[in-house]
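Undergrad: need a structure here:
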Amino acid sequence: MQDITPLDIEKLSYTDFVSLLHEENRPPGGKKTVREIILNSFVDRQANVLEVGCTNGFTSLEVARLIGCQVTGVDISSSSVQNSIDRLERSCTPGNVKFLVESVYDLPFDNNLFDLVVLSNAISFIEDQKTALDECIRVIKPWGFLAVVPIWYKVDPPEEIVDQVSTIIGVKIKIRKKADWINFLNQSGLEMYYSCDYHFDTQSPEIISQYVDEICKKEHLQKYPEYVVKDISDRWKMTIEVFNQNLRYAAYSVLLLRKRAETEESELFSTSPCKQYTCSKRVRVCHV
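TA: This next block holds a predicted model:
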């Protein structure tokens, strides 16, 4: 898009705009989340991993760098997949990594092929979530894992904020709580194997401005005229400011679901982490 104009920038979909920026598009929680998924799904160098909705390839490449396994990233956006391929060619990434333009509704893979499928927060932007989830489950090996990292609302956000986010990403945002995601995922027949919740830290206007400046100084954007870069910067700053406001009301979960190959009886005695208990008039902390 050498001859891109301000009107072109305005018309770009959110996915294509992020692709234009070459923005990392990390999962909620970034590298911490990728590490958490790897450690708790027990994948190793022999694993076969699929990321659905890989965007610009960050998570797929990070998985390969950490454990050197076989990784396939798929996305419906051809520009995002091309960015992923370009990043792969520039990096010294171990393992066997490839990126494909594919739809989550019709994955071109055999049944029971992957040890881990990473769906992350892409599930939030898929219109037919039931079909997408079924297709992901189909390609997971027995006893394999599905990683989902949905963003959900702790409290109901202002309607104006939800409308702004929906307009930016081009998908109508549904106000979901964690229980809504758990109820949906429990219908899949998978075992809820691991769950951990996190809140988002609100960023200051100064930090947001610094971040936007950093993004817009990327080398590939410097080929555009200054006024075009200014329009890119303005759109990205407006986007991040809206996201920052929205995340005041939100949290996210790292969820790992397991594809059991046999039925198990329910666990009767549930447990909770020890926080503190009293013994001999002193408070001791029990870490688990």
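Undergrad: list of residues touching the helix or strand containing S166?
TA: Counting by DSSP states H and E, the element that carries S166 is helix 159-169. By C-beta atoms under 8 Å, 6 or more residues apart in numbering, the list of residues contacting helix 159-169 from outside reads 14, 125, 172-173, 175, 239, 242-243, 245-246, 249. Yep, even glycine has a C-beta here, placed from its N, CA and C like the rest.
Undergrad: turn these into CSV, columns for neighbour count and pLDDT.
TA: Output for the contacts of helix 159-169, formatted as CSV (neighbours: other C-beta atoms under 10 Å; pLDDT from 0 to 100):
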residue, neighbour count, pLDDT
Y14, 14, 92
F125, 14, 87
K172, 11, 90
I173, 20, 89
I175, 13, 94
T239, 19, 97
V242, 18, 97
F243, 18, 97
Q245, 16, 97
N246, 20, 97
Y249, 17, 97
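Undergrad: can these go into a markdown table with extra columns for distance to F58 and secondary structure?
TA: Shown next, in a markdown table, are these (distance: C-beta to C-beta, whole Å; DSSP: H, G, I helix; E, B strand; the rest coil):
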| residue | distance to F58 | secondary structure |
| --- | --- | --- |
| Y14 | 16 | helix |
| F125 | 16 | helix |
| K172 | 26 | coil |
| I173 | 23 | coil |
| I175 | 27 | coil |
| T239 | 18 | helix |
| V242 | 22 | helix |
| F243 | 17 | helix |
| Q245 | 24 | helix |
| N246 | 21 | helix |
| Y249 | 25 | helix |
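Undergrad: show me the strands in the chain, by range?
TA: Along the chain, the segments classed as strands by DSSP state E run 48-52, 70-75, 96-101, 114-120, 140-148, 151-153, 191-199, 250-258, 277-279, 282-284.
Undergrad: thinking again about what came up before, pull the helix holding S166 out as CSV, backbone CA atoms only.
TA: C-alpha atoms of helix 159-169 as CSV (Å, rounded to 0.1, in the frame of the first residue of the first chain):
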residue,chain,number,x,y,z
GLU,A,159,-23.2,1.6,26.7
GLU,A,160,-21.3,4.4,25.0
ILE,A,161,-17.9,2.6,25.6
VAL,A,162,-19.3,-0.7,24.3
ASP,A,163,-20.6,1.0,21.2
GLN,A,164,-17.2,2.7,20.5
VAL,A,165,-15.3,-0.6,20.9
SER,A,166,-17.8,-2.3,18.6
THR,A,167,-17.4,0.3,15.9
ILE,A,168,-13.6,0.1,16.1
ILE,A,169,-13.3,-3.6,15.8
